[in-house]
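Enquirer: Task: produce atomic coordinates for the following.
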Amino acid sequence: MTPIDFLTSMTPGMKQPEGLGLDQYKRYDAKSVSTRLDLHLDNNSIFYKLGAYGLISFSDYIFLLTVLSTSRRHFEIAFRMFDLNGDGDVDSEEFEKVANLIRQQTSIGSRHRDHANTGNTFKGVNSALTTYFFGPKNDEKLTIEKFLDFQQQLQREILTLEFMRKNPDENGNISESDFAELLLAYAGYTQKKKVKKIKRVKKRFRDHGAGISKEDYLNFFHFLNNINDVDTALTFYHIAGASIDQATLKHVAKTVALVELTDHVIDVVFTIFDENSEYSAAVPSSFALVFIQHFAILLPPPLTKISQWTDSSATESLWRS
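Expert: Numbering: from 1, shown residues only. This next block holds a predicted model:
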C-alpha cells in the first residue's frame, strides 16, 4: 500500500480509491521496482526508510500502526525492561522483544491477525528499518531518543498527509471549515451534529477567514498529544471557579503542552464547541472528550482504541493495492 492508502485505512468513513472495491486491488511486486514511484513525499520521508521505495507491506503496516498507537511513555518503559546492561539502549534482538511485547498489548496485534491464505503474514521489522535502526551490519545500538524521534517524524508525516488531502490554497492554508472537518472526523458525534458545527464555523468565518496553516495544524496536534495534562490543568481552573476562556486555553497550551497556539486557531476551536454561539467559554470535558476521541491513532492507549476506527476487511484490501 502507499502512504495515502495507509492514512485512508485508519480514517473513519473514508472510501476506497476510485475503482478499487474490497475485492478489487492491484498486486504490486516491490522487488521489481528500480526507481521511486511518484508518491508525493519529501525526499527525506520516513516512508522511504521502509525500503520498497515508499510502499508499505503488511508487516510494515502492523509495525507503523503499533508505533502510532503506543505512547512515548510505554516505549520508554519497554526499552528499560529489555535493556539488559542498563545503558538505555537496545540491540536488534532486544528491540524485537520490545516490538513484540508492544504489539501484543495493543488492539492492533489482536485485531489484525495473519492471513496466510492471502500471503498477509506479519514477519517482524523489515530489513530496511533494521538497517536504519542498527546499521548495515546490524551491530549498532538503538537509543530510545532515536526511536522516539522516528515516532514523532511518523506522526508529523501522517498529519501532513491529512492536511494536504484538504488541498491547501496558494498560501498553503486550508479553510476554517476544513480544519473543523478534520477535527470532528473522529469525534463521537452524529453526522447531523457534525454538519451543524461545520456550518457554524463557515458562517462565522465566511467574510474574514484567515485560514489555517500547516504549522498551526501541526502545533494544534502537538497540543492534543498532551491532552491528559491539559485536561488536568483545565479541571483545576474549573474547580477553582475560573472561566475557561480563550486566553486560559492559550496559557495552558503554552505552559503545559509547551506550544504556542495562535489566537485564530483557538477562536476556531471555540466556535466549533461553543453551542451558545458566545465564542467565549466551554466546559473542560467538552474539549478533553472530543480531543481524546479525535485522531485516535495519534493518542496513546488506554484513552483510545484504534480498532474502533480501522476496519480490518477494508485494510486487507487497501494494503495490497
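Enquirer: mind listing what His251 touches?
Expert: For His251, the contact set (C-beta atoms under 8 Å, 6 or more residues apart in numbering) is empty. C-beta coordinates here come from the backbone N, C-alpha and C atoms, glycine included.
Enquirer: Let me know the helix or strand that it is in.
Expert: Using DSSP states H and E, His251 falls within helix 246-255.
Enquirer: does Val201 count as helix, strand or coil?
Expert: Following DSSP: H, G, I helix; E, B strand; the rest coil, we place Val201 in the helix state.
Enquirer: Look up how far Leu234 lies from it.
Expert: Distance of Val201 to Leu234, given as C-beta to C-beta, to the nearest Å: 22 Å.
Enquirer: circling back: and the next helix or strand past the helix holding His251?
Expert: helix 263-273.
Enquirer: Could you list every helix and strand that that following helix packs against?
Expert: Applying 3 or more C-beta pairs under 8 Å, 6 or more residues apart in numbering; DSSP states H and E, we find helix 263-273 packed against helix 176-184, helix 191-204, strand 212-213, helix 214-224, helix 246-255, helix 284-293.
Enquirer: Buried residues in the fourth one, which are they?
Expert: Same thing as helix 214-224. 214, 216-224 (16 or more other C-beta atoms under 10 Å).
Enquirer: That one vs helix 246-255, what angle?
Expert: Calculated by axes from the mean of the first three to the mean of the last three C-alpha atoms, to 10 degrees, helix 214-224 forms an angle of 80 degrees with helix 246-255.
Enquirer: Name the SS class of the residue lying closest to Thr255 once chain neighbours are set aside, please.
Expert: The shortest distance from Thr255 to any non-neighbouring residue, by C-beta to C-beta, 6 or more residues apart in numbering, is to Ala233 (7.8 Å). What three-state DSSP gives for Ala233 is helix.
Enquirer: What separation do you get for Ala233 and Leu258?
Expert: Ala233 is 12 Å from Leu258, where distance means C-beta to C-beta.
Enquirer: about what we covered before: and of the helices and strands packed on helix 263-273, who's closest to Phe75?
Expert: Nearest to Phe75, of all the helices and strands packed on helix 263-273, is helix 214-224, at 17.7 Å by C-beta to C-beta.
Enquirer: Which neighbouring elements make contact with the closest one?
Expert: Using 3+ C-beta pairs under 8 Å, 6+ apart: helix 214-224 touches helix 144-164, helix 263-273.
Enquirer: So which bits of the shortest one are buried?
Expert: Residues of helix 263-273 classed as buried under the neighbour-count rule (16+ other C-beta under 10 Å) are 264-273.
Enquirer: and if you look at the longest one?
Expert: Within helix 144-164, the residues scored as buried using 16+ other C-beta under 10 Å are 144, 147, 150-151, 154-155, 157-163.
Enquirer: same check, this time on stretch 229-243
Expert: 230-231, 233-234, 237.
Enquirer: any low-confidence regions in the stretch 201-321 of the chain?
Expert: Applying pLDDT under 70 to the stretch 201-321 of the chain flags the ranges 275-321.
Enquirer: what does the stretch 51-200 of the chain give?
Expert: Applying pLDDT under 70 to the stretch 51-200 of the chain picks out residues 51-53, 84, 105-127, 186.
Enquirer: where exactly do the helices run in it?
Expert: With helices called from DSSP state H, counting those that start in this stretch, the stretch 51-200 of the chain shows them at 58-68, 72-82, 92-105, 107-111, 127-134, 144-164, 176-184, 191-204.
Enquirer: looking just at contacts, which helices and strands does the third one meet?
Expert: Pointing back at helix 92-105 there. Under the contact criterion of 3+ C-beta pairs under 8 Å, 6+ apart, helix 92-105 touches helix 58-68, helix 72-82, helix 127-134.
Enquirer: got the CA coordinates for the last one in PDB?
Expert: Taking C-alpha atoms only, helix 127-134 is exported to PDB below (Å, rounded to 0.1, in the frame of the first residue of the first chain):
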ATOM      1  CA  SER A 127      15.400  -5.300   6.800                       C
ATOM      2  CA  ALA A 128      15.400  -1.600   5.700                       C
ATOM      3  CA  LEU A 129      14.200  -0.400   9.100                       C
ATOM      4  CA  THR A 130      16.600  -2.800  10.800                       C
ATOM      5  CA  THR A 131      19.500  -1.200   8.900                       C
ATOM      6  CA  TYR A 132      18.200   2.300   9.700                       C
ATOM      7  CA  PHE A 133      18.000   1.400  13.400                       C
ATOM      8  CA  PHE A 134      21.000  -0.800  13.800                       C
END
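Enquirer: what angle do it and helix 58-68 make?
Expert: Put simply, helix 127-134 runs at 40 degrees to helix 58-68, going by the same axes, to 10 degrees.
Enquirer: Pull out the buried positions in helix 127-134.
Expert: Neighbour-count burial for helix 127-134 flags 129-130, 132-134 (criterion: 16+ other C-beta under 10 Å).
Enquirer: got those residues as TSV, with distance to Ile174 columns?
Expert: Converted to TSV, the buried residues of helix 127-134 look like this (distance: C-beta to C-beta, whole Å):
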residue	distance to Ile174
Leu129	32
Thr130	37
Tyr132	32
Phe133	34
Phe134	39
